[in-house]
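1. here is my input, please return the structure:
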Amino acid sequence: MRLTANLSLMFTEVPLLQRFDLAAKAGFKTVEIQFPYEETIEDLVDAKNSAGVNVCLINVPAADLMQGGEGLAAVPGKEEAFEAALKKCFRYAKALGVKVVNVLPGICLHKGQQEVYLDVLKKNLLKAASALQKHHILCTFEAVNTKDMPGFLVHNTEQMIDILTELDHPNLKMQFDIYHMQIMDGRVDETLEHYGHLIGHIQFADVPGRGEPGSGNLNFKQIFEHIKHAHFHGYVSAEYRPSSDTDSSLKWMEEYDLSWTDQVAKFS
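-> Next up is the predicted model:
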């Protein structure tokens with residue numbers, strides 16, 4: 001299992017550029033960042049190299065999505081803005097050696113227009129998957145629960161599978177977020193067991209609360225076993241909000257399997 005830490009939610013006791021070093025000291029050989037674009041490419045590369053870690057994933061810029069807007073990837077009339085965002089993302093991904101780029105479908109605020117938005121999303125996903133394939137970067141897209149983000153266009157596993165089946169692109173897979181899909185589907189074990197080959201990246205947090213494993217109700221011992229035996233070969237990211245300081249929240253790493261850190265070093 002290739003374990004990684006999400007620097008957008010973890011180690012937030014310090015600014016982003018200092019989190020690389022903290023993650024390395026905690027045993028992570030690989031990290032991911034949701035949106036690294038407030039920092040320069042040069043500063044990020046320096047921080048990455050200084051800490052001796054890899055960056056496995058970043059998201060395509062999503063405009064106003066995190067502030068309650070619709071985002072870019074599915075909004076009619078914003079196709080050129082999405083293409084510009086994709087180009088910006090690629091510059092960061094190339095410099096950082098990123099292996100996976102994730103597209104957030106975004107929100108539809110217009111009742112009855114979901115199919116129109118889905119059509120735009122599919123076209124943009126094909127464009128992104130094809131462009132990234134030329135550079136050996138996997139494209140993923142993610143479903144997000146509608147309790148945390150009402151109106152999110154793609155919000156369950158079935159929708160992701162339907163889109164993947166329809167588009168049938170060799171460089172497109174789902175990013176499977178255990179926290180979001182447990183809230184929406186409640187069948188994460190089943191999805192991991194049967195659809196691991198369609199998953200390009202996994203993220204996890206406990207439910208409820210989006211905290212570290214053990215802070216909620218999920219059986220992570222069972223979940224991690226399913227991941228290990230699934231037909232899945234990507235990264236597994238701790239993307240949670242620590243219930244206290246980040247270092248104190250990492251007890252689960254030893255509780256579930258001490259060998260993970262060594263496996264990360266071997267595969268990264």
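2. every contact and neighbour count from this point should use C-alpha atoms.
-> Will do.
3. so Pro36 touches Ile58, yeah?
-> Yes. Applying Cα atoms under 8 Å as the test, Pro36 and Ile58 come out as touching, 7.3 Å apart.
4. more neighbours, the two?
-> The neighbour comparison of Pro36 against Ile58 (other Cα atoms under 10 Å) goes to Ile58, with 25 against 20.
5. I'd assumed the more buried one was in a strand, is it?
-> Yes. Ile58: assigned to a strand according to DSSP: H, G, I helix; E, B strand; the rest coil.
6. can you report how many residues lie near the closest residue in space to Asp119 that isn't next to it in sequence?
-> In space, and not counting its chain neighbours, Asp119 is closest to Ala74: 7.6 Å by Cα to Cα, 6 or more residues apart in numbering. When neighbours are defined as other Cα under 10 Å, Ala74 has 27 of them.
7. for Ala74, what are its contacts?
-> Pro105, Gly106, Ile107, Tyr117, Leu118, Asp119, Val120, Leu121, Lys122, Asn124 (Cα atoms under 8 Å, 6 or more residues apart in numbering).
8. with distance to Ala63 and neighbour count added, can I get those in TSV?
-> Below are these laid out as TSV (distance: Cα to Cα, whole Å; neighbours: other Cα atoms under 10 Å):
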residue	distance to Ala63	neighbour count
Pro105	12	29
Gly106	10	30
Ile107	12	26
Tyr117	16	20
Leu118	18	20
Asp119	19	14
Val120	16	20
Leu121	15	26
Lys122	18	18
Asn124	15	21
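9. turn the residues you listed into a markdown table, including pLDDT and secondary structure.
-> A markdown table is the format used below for those (pLDDT from 0 to 100; DSSP: H, G, I helix; E, B strand; the rest coil):
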| residue | pLDDT | secondary structure |
| --- | --- | --- |
| Pro105 | 98 | coil |
| Gly106 | 98 | coil |
| Ile107 | 98 | strand |
| Tyr117 | 98 | helix |
| Leu118 | 98 | helix |
| Asp119 | 98 | helix |
| Val120 | 98 | helix |
| Leu121 | 98 | helix |
| Lys122 | 98 | helix |
| Asn124 | 98 | helix |
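10. circling back to that earlier point, for the residue nearest to Asp119, give its distance to Leu109.
-> 11 Å (Cα to Cα, to the nearest Å).
11. among the contacts of Ala74, which one lies nearest to Val154?
-> Distance to Val154, by Cα to Cα, is smallest for Pro105 among the contacts of Ala74, at 6.5 Å.
12. give me the pLDDT for the nearest residue to that closest one once chain neighbours are set aside.
-> Nearest residue to Pro105, sequence neighbours excluded (Cα to Cα, 6+ apart): Ala73, at 5.3 Å. The model reports Ala73 with a pLDDT of 98.
13. mind listing what Ala73 touches?
-> Counted by Cα under 8 Å, 6+ apart, Ala73 has contacts Ala62, Glu79, Phe82, Val103, Leu104, Pro105, Gly106, Val120, Leu121, Asn124, Leu125.
14. distance of the residue at the greatest distance from the centre of the chain relative to His194?
-> What lies farthest from the middle of the chain is Gly112; by Cα atoms, centre = their mean that is 28.2 Å. Noted for Gly112: a distance of 32 Å to His194, by Cα to Cα.
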